[in-house]
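[1] Need a 3D model of the following:
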Amino acid sequence: MKSGLLPLLAAAALALVPSQAPADTDITFQDFYDALTPHGDWVELDDYGYCWRPFVDDHWRPYTDGQWVYTEAGYTWFSNEPWGWATYHYGRWTKLQNWGWVWVPGYEWGPAWVSWRTSDDYIGWAALPPEAVWEDSIGFGAYVDVDYGIGPDWYAFCPVTYFGAPRLRTVCLPWRSNITIINLTVNITRIRHVNNIIINDGPDITVINRRAHTPIRRVRLERETSLDVTALRQGRVKSRLEGDTLKIPSPRVEKQDARPVKIAGRASRGQINRGWEGAGLNPALAAEYREKIQGDARRANRPVSTAVAPPNLDPPPATPQPNTRRNSEVGRSDGRPPAATPAMREPPREPQVLPRDQPAVGQQTNREEELRARILKQRQEEERDARQADLSRQQEQAQQQQQALRQQQQGEETARQQRAAELREKAARAQQEVEARRETARQNQQEAARQQQENQRQQQSLQQQLQQQRQQFQQNRQERRQAP
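    Modelled structure (predicted):
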């Protein structure tokens, strides 16, 4: 009896032990190398190490093929690209001559690593460069353009009304218009660390959703920290928006020596494009923008990145202190370009924006009015184009509806003709059956009449035979009487 109770007690004890949650997954740069290789090339860049160039077209920019959603971590990027779980939440982006945009892997996960600029009519965002090193106690503020030399071309601008589009690349303005728009915007970047969560504040979502044609979605963020590393390396892991939940793979990244299987080429820091090429299209506006951000830096007592300070329109790239630890240390404090001064150690502050009726330093009121007029004209053209696109879409929909109606009517007419043919065929068969029955009845009547005539003939023959027999009988009887 006791031996039978022991297994039951053991099973009950095991049932009382709580099940453990799956352990968090740790990955290394090698997992990035393997997972992203099918989608792009790896380039070796001086001081940065191995950078990844995606297979995209020449007009592509980071943080455009997807949409912004709002989570408990603030503005979070949901990419339509299968590799977006890595390149928009870890590491930084930079642009190289002859190579285009490249991604530098990093260790820290965030909802998005971007700089924000806004005006009454436009919102712009730009990927942060590798020099933007994350520190929990400092974060990033409104002087990232000044600190890291983010040029106008790096920004993607779109009208406020289209900020909620599910694929923002379709509504972003051409980069050539950036130098015009950026002069009327202010930097509102604020990325901070609160309760072990990195929060990307960005524009006021309440104001945005009052004006946007498609409101920014509020969803719950679910960071997936336990993953199948094999599936991740094979590219079978990606971000997913399921109902009101955004699921993003976000494993912890460990430091470990790694190397891509194949290196497509090598680039130098001299090939870095800081985003000032488009400024040469309008030297006057470029000079005003440089003076504007330099004035912001002076008022905040901050040094200016060398990518902004030179007066020429195509400045050399910024030359921060070399980062001798390559990729293994990108995203840590030794990669910061300017020296750590007390002013830079202050918490992020919002820029001092002058009222519209008061010209900024070195900027005349008529220039502001000219810029506003250009922006207004551009917005009117965009609205006209949008109306024309809506009209074309409505006409196309009307044509499609008319074509569908014609096809429906043709189908109904064909069905009606088929039904009429079936009815005619059925009626013909019924008529044939009636005629056949009539013919059968006529033949039956003829057969009955012939049979009746035959019966009458037989009856007459019988009557004649009977008459003859009577006569013979009468004759025989008379003969017997007359005999002696």
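[2] Check what pLDDT residue 467 gets.
    Residue 467 carries a pLDDT value of 89.
[3] Checking my notes, it in a strand, right?
    No. Applying DSSP: H, G, I helix; E, B strand; the rest coil, one finds residue 467 to be helix, outside a strand.
[4] Would you mind measuring from it to residue 475?
    13 Å (CB to CB, to the nearest Å). Using the backbone N, CA and C atoms, a C-beta is placed for each residue, glycine as well.
[5] Tell me where the stretch 301-450 of the chain has helices.
    Secondary structure of the stretch 301-450 of the chain (DSSP state H, counting those that start in this stretch): helices at 365-482.
[6] where are the low-confidence patches of it?
    Where the stretch 301-450 of the chain drops to pLDDT under 70, the residues are 305-372, 374-376, 378-379, 382.
[7] My guess is residue 262 contacts residue 42. True?
    Yes. Counting by CB atoms under 8 Å, residue 262 does reach residue 42; the two are 6.8 Å apart.
[8] neighbour count winner among the two?
    Between residue 262 and residue 42, counted using other CB atoms under 10 Å, the more crowded position is residue 42 (22 against 9).
[9] SS state for the closest residue in space to the more buried one that isn't next to it in sequence?
    Counting by CB to CB, 6 or more residues apart in numbering, residue 260 is the residue found nearest to residue 42 once chain neighbours are left out, at 4.0 Å. Three-state call for residue 260 (three-state DSSP): coil.
[10] What is the neighbour count of residue 260?
    Using other CB under 10 Å, the number of residues around residue 260 comes to 19.
[11] Relative to residue 229, how far out is it?
    17 Å.
[12] Check residue 23 too.
    12 Å.
[13] Looking at these two, which one has more neighbours?
    residue 229 (16 against 8).
[14] Give the full set of residues in contact with the more buried one.
    25, 27, 31 (CB atoms under 8 Å, 6 or more residues apart in numbering).
[15] my read: residue 199 touches residue 192, true?
    Yes. Counting by CB under 8 Å, residue 192 is a contact partner of residue 199 at 5.4 Å.
[16] Report the rounded mean pLDDT for stretch 151-160.
    The pLDDT scores in stretch 151-160 average 95.
[17] Between the two ends of that stretch, how far is it?
    Terminal residues of stretch 151-160 lie 21 Å apart, using CA to CA, to the nearest Å.
[18] Next, the buried residues of that stretch.
    151-160 (16 or more other CB atoms under 10 Å).
[19] Same check on stretch 250-262?
    250-251, 253, 258, 260.
[20] Identify all contacting residues around it.
    So stretch 250-262 is contacted by 24-30, 33-34, 37, 41-42, 50, 85, 89-90, 105-107, 109, 223-227, 232, 328 (CB under 8 Å, 6+ apart).
[21] Render the CA-only coordinates of that stretch in CSV, please.
    The C-alpha atoms that make up stretch 250-262 are tabulated as CSV, following Å, rounded to 0.1, in the frame of the first residue of the first chain:
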residue,chain,number,x,y,z
SER,A,250,14.5,42.4,-28.5
PRO,A,251,17.1,40.0,-27.2
ARG,A,252,20.0,41.1,-25.1
VAL,A,253,23.2,41.7,-27.1
GLU,A,254,26.5,40.5,-25.6
LYS,A,255,30.0,41.5,-26.5
GLN,A,256,31.9,38.8,-28.4
ASP,A,257,34.3,38.8,-31.3
ALA,A,258,32.5,38.2,-34.6
ARG,A,259,33.0,38.7,-38.3
PRO,A,260,30.7,38.5,-41.3
VAL,A,261,31.2,35.6,-43.6
LYS,A,262,31.7,37.9,-46.6
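[22] just use 19 as the starting number from now, easier for me
    All right, first residue 19 from here; so that's stretch 268-280.
[23] Would you pull up how far it lies from the middle of the chain?
    Relative to its chain's centre, stretch 268-280 lies at 27 Å (CA atoms, centre = their mean, to the nearest Å).
[24] now swap in stretch 163-173 and tell me
    27 Å.
[25] quick one: terminal-to-terminal distance for it?
    Stretch 163-173: ends 11 Å apart by CA to CA.
[26] now do the same end-to-end measure for stretch 150-164.
    11 Å.
[27] typo on my end, it should be stretch 70-87
    26 Å.
[28] buried stuff in it?
    Applying 16+ other CB under 10 Å to stretch 70-87 flags 70-72, 74, 79-87 as buried.
[29] Kindly report the same for stretch 134-150.
    Applying 16+ other CB under 10 Å to stretch 134-150 flags 134-137, 139-150 as buried.
[30] Nearest to residue 457 among those residues?
    residue 141 (89.8 Å; CB to CB).
[31] my guess is that closest one meets residue 173, correct?
    No. Assessed by CB under 8 Å, residue 141 is found out of contact with residue 173, at 9.8 Å.
[32] Quickly list what's touching both of those two.
    Going by CB under 8 Å, 6+ apart, residues that sit against residue 141 and also against residue 173 are residue 135.
[33] How far off centre is stretch 158-170?
    For stretch 158-170 - counting by CA atoms, centre = their mean - the centre lies 29 Å from the chain centre.
[34] Can you give me the end-to-end span of it?
    Using CA to CA, one end of stretch 158-170 lies 19 Å from the other.
[35] Same check on stretch 215-224?
    End-to-end distance (CA to CA), stretch 215-224: 22 Å.
[36] Please identify the buried residues of that stretch?
    216-221, 223.
[37] In helices only, show me those residues.
    residue 223 (DSSP state H).
[38] Export the buried residues of stretch 215-224 as TSV, with columns for distance to residue 306.
    As requested, the buried residues of stretch 215-224 are exported to TSV (distance: CB to CB, whole Å):
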residue	distance to residue 306
216	34
217	33
218	29
219	27
220	26
221	24
223	31
